[in-house]
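**Q** Next comes the sequence, and after it the predicted model I'd like to discuss.
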Amino acid sequence: MPSCQVGQFVLTATTDKGTYAPGETVMVDLSLHDTSPEACLDTGVPVWGCYGATASNSTGNEVWNSLAGPDSLPASCPTTGFPTTVPGNFSTTSQVAWTQDVCTQPVTNDQPNPYCPQTPVPSGVYQISAFWTVFPSSPPVTVVINPS
């Protein structure tokens with residue numbers, strides 16, 4: 001059985017809507033799909049590792065990272081209980097929620113996290129991209145936060 005290769009997987013992000021009211025939660029669906037019909041060994045390609053999403057403003061500055069939180073890292077970095085064989089055409093999905101807050105850097109010990117002031121982002125256009133371990137980031141999805 002061949003080893004899994006990063007290039008055989010495609011990562012995508014979608015949102016539940018394209019336009020949001022201020023403070024409305026943006027639901028981001030992440031999907032990782034194996035484009036190969038053959039099973040492979042998960043050696044060196046951590047299909048089961050950390051996943052999440054980021055949001056950037058119209059100037060390209062990151063304003064949110066789903067791994068960051070007000071108090072500590074979320075539970076989106078599973079570490080045990082995963083098979084070593086990935087079936088052909090394998091797909092997995094997950095979902096993260098952005099509450100339109102500024103929160104950019106994960107920390108494990110600082111409480112509260114100084115990089116999550118829990119201030120709302122201003123209205124405007126944002127680009128949301130998914131990440132999943134070693135795979136290239138997904139193409140961005142554009143969302144608009146309307147003025148209040």
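**A** Everything's here; your move. Numbers count the residues shown, from 1 in each chain.
**Q** May I have the beta-bridge partners of residue 145?
**A** residue 20, residue 124 (DSSP bridges).
**Q** How about residue 97?
**A** Here residue 97, judged by DSSP bridges, has bridge partners residue 27.
**Q** so who does it touch?
**A** Residues counted as contacts of residue 97 (CB atoms under 8 Å, 6 or more residues apart in numbering) are 25-28. Backbone N, C-alpha and C define where each C-beta goes, glycine included.
**Q** can you redo these as CSV with neighbour count?
**A** Listed next are these as CSV, based on neighbours: other CB atoms under 10 Å:
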residue, neighbour count
25, 11
26, 21
27, 14
28, 25
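**Q** Quick check: the farthest pair among those?
**A** Farthest-apart pair in the contacts of residue 97 is 25 and 28; separation 9.9 Å (CB to CB).
**Q** any residues in contact with both of these two?
**A** Joint contacts of residue 25 and residue 28 (CB under 8 Å, 6+ apart) are 97-98.
**Q** do you know how far residue 8 is from residue 33?
**A** 9 Å (CB to CB, to the nearest Å).
**Q** With residue 60 instead?
**A** For residue 60, the distance to residue 33 equals 27 Å [CB to CB].
**Q** So between the two, which is more surrounded?
**A** residue 33 (15 against 7; other CB atoms under 10 Å).
**Q** can you pull the alpha-carbon coordinates of the helix or strand hosting the more buried one into PDB?
**A** Using DSSP states H and E, residue 33 falls within strand 26-34. Listed next in PDB are the C-alpha coordinates belonging to strand 26-34 (Å, rounded to 0.1, in the frame of the first residue of the first chain):
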ATOM      1  CA  VAL A  26     -20.100  32.900  11.000                       C
ATOM      2  CA  MET A  27     -20.200  29.100  10.700                       C
ATOM      3  CA  VAL A  28     -17.200  27.800   8.700                       C
ATOM      4  CA  ASP A  29     -17.400  24.300   7.300                       C
ATOM      5  CA  LEU A  30     -14.000  22.600   6.600                       C
ATOM      6  CA  SER A  31     -13.700  19.700   4.300                       C
ATOM      7  CA  LEU A  32     -10.600  17.500   3.600                       C
ATOM      8  CA  HIS A  33     -11.000  15.100   0.700                       C
ATOM      9  CA  ASP A  34      -8.600  12.400  -0.600                       C
END
